[in-house]
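Student: build me a model:
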Amino acid sequence: MSFRRILFFAGVLLILYLGMYSWNHTTHVLDDLATDTGLEAAGAVLSPAHALHTYVQGVWTKYIDLVAVREENESLKAQISELEARLLAHGEELAELKRLRALLQMPVDASWRSLGARVLAGRIGPNAVLATITINRGYATGGKPGTPIVTNKGLVGRVLRASAHTGSVLLLTDAGSRVAIFTQQSRAMGILRGHGSSNALSVEFVPRDVGVKVGELIVSSGLDGAYPKGLPCAKIIKVEPSNYTEFLEIMAEPLVDLRHLEEVLLLEQTKLAPAVEELEISPKQFIGPPEPKSRRAM
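Tutor: Okay, here's the model as predicted:
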């Protein structure tokens, strides 16, 4: 290509440029086109970047929030567990308080005082020799052998054996248990006898002519000296004439649920009968039958 042609094309391009410059300077079409194109390009690049940034920031924020929520949930769960434990403890304490208040309502004779005790163990196994429970009172703490045991519902039994701070209670249902009783309405006297924990009690030596009825309450008579008078013991569930003796065949059930004992009362006698004083009696003070004649002659 010759130099003249190069100059010609350069001149044409310069004229076109100056013309377009002048036209753009007047109309601003090219400036607006360039601006719009640049903005579109920038938007096309920045929008995905901003969306990615927003997504990442959202994910991070949610993660941080989830971590905080998880920690808060763990804390709330721990608080709920603690509150549930406290609620259970308070519920057990309330139930125990109700039982103890009921125990204290047991009316006893003024010559007996009550002493609370906890049941440490029940009857061990269905084939145990004796129907007994173990309590946390012994001969050093008011639970000496022979001490009556009751609840607010009635008689439980008596202390059979005792160490210093622990005692074994023979239950009312044991085959070796005997209680002097009378029926509350007909006032019939008899002996309440146990026949094992799974069997009903029997009332022995009640004559046929006594009008004992089913449902009648049996209370201690106090004639045996082992129990206070008037303690509720059992309820009559069967009355029939005996085929072999002149007495009635009477069956009864305990008033106390002896399988679910937690607290009991020991009845300690405080007012004992006056002790018999031993007197030194001289032969002159002794007044007896007259001496035989043969002896007086001697």
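Student: tell me who's in contact with A200.
Tutor: Contacts for A200 (Cβ atoms under 8 Å, 6 or more residues apart in numbering) come out as I237, K238, M251, A252, E253. From N, CA and C alone the C-beta is placed, and that goes for glycine too.
Student: quick check on these: which are buried?
Tutor: Buried subset of the contacts of A200 (neighbour count, 16 or more other Cβ atoms under 10 Å): M251, A252.
Student: can you put the contacts of A200 in a markdown table and add distance to L201 and pLDDT?
Tutor: Output for the contacts of A200, formatted as a markdown table (distance: Cβ to Cβ, whole Å; pLDDT from 0 to 100):
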| residue | distance to L201 | pLDDT |
| --- | --- | --- |
| I237 | 9 | 96 |
| K238 | 11 | 95 |
| M251 | 7 | 97 |
| A252 | 5 | 97 |
| E253 | 7 | 96 |
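Student: among the contacts of A200, which ones are in strands?
Tutor: Under the assignment DSSP state E, the contacts of A200 contribute I237, K238, M251, A252, E253 to strands.
Student: now the two most distant members of those residues.
Tutor: K238 and E253 (9.5 Å; Cβ to Cβ).
Student: circling back to that earlier point, including distance to V59, could the contacts of A200 go into CSV?
Tutor: Output for these, formatted as CSV (distance: Cβ to Cβ, whole Å):
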residue, distance to V59
I237, 76
K238, 80
M251, 79
A252, 78
E253, 72
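Student: ok, the contacts of A200 vs L76, which is closest?
Tutor: Comparing these against L76 with Cβ to Cβ picks out E253 as the nearest, at 50.5 Å.
Student: give the contact list for the closest one.
Tutor: Residues in contact with E253 (Cβ under 8 Å, 6+ apart) are A200, L201, A234, K235, I237.
Student: cool, A140 as well?
Tutor: With contact taken as Cβ under 8 Å, 6+ apart, A140 is in contact with A164, H165.
Student: state the distance from it to L248.
Tutor: 44 Å (Cβ to Cβ, to the nearest Å).
Student: nearest to Q57 among the contacts of E253?
Tutor: Of all the contacts of E253, K235 has the smallest distance to Q57: 78.8 Å, by Cβ to Cβ.
Student: okay, now the closest one: neighbour count?
Tutor: By the criterion of other Cβ atoms under 10 Å, K235 has 17 neighbours.
Student: ok but it is inside a helix, no?
Tutor: No. Judged by DSSP: H, G, I helix; E, B strand; the rest coil, K235 forms no part of a helix; its state is strand.
Student: I figured it hits K213, correct?
Tutor: No. With contact defined as Cβ atoms under 8 Å, K235 and K213 do not form a contacting pair (10.9 Å).
Student: bridging residues for the residue lying closest to K144 once chain neighbours are set aside?
Tutor: Excluding the flanking residues, the one nearest K144 by Cβ to Cβ, 6 or more residues apart in numbering is A162, at 5.8 Å. On the basis of DSSP bridges, A162 is bridged to G167.
Student: residue contacts, A162?
Tutor: Applying Cβ under 8 Å, 6+ apart to A162 gives the contacts R137, G138, Y139, G143, K144, P145, S168.
Student: just the buried residues of the residues you listed.
Tutor: Buried subset of the contacts of A162 (neighbour count, 16+ other Cβ under 10 Å): R137, G138, Y139, G143, S168.
Student: mind checking which of the residues you listed land in strands?
Tutor: Assignment to strands by DSSP E places the following of the buried ones among the contacts of A162 there: S168.
Student: where does the chain dip in pLDDT?
Tutor: Filtered on pLDDT under 70, the chain yields the residue ranges 1, 24, 30-31, 36, 38-39, 88-110, 123-129, 271-298.
Student: domain ranges for it, per the record?
Tutor: When the chain is parsed with automatic domain parsing, its domains come out as 1-104, 112-269.
Student: right, so those domains: which one is the most enclosed?
Tutor: Of all the domains of the chain, domain 112-269 has the most neighbours on average by mean count of other Cβ atoms under 10 Å, namely a mean of 18.
Student: just the endpoints, please. Distance across it?
Tutor: Start to finish, the residues bounding domain 112-269 are 4 Å apart (Cα to Cα, to the nearest Å).
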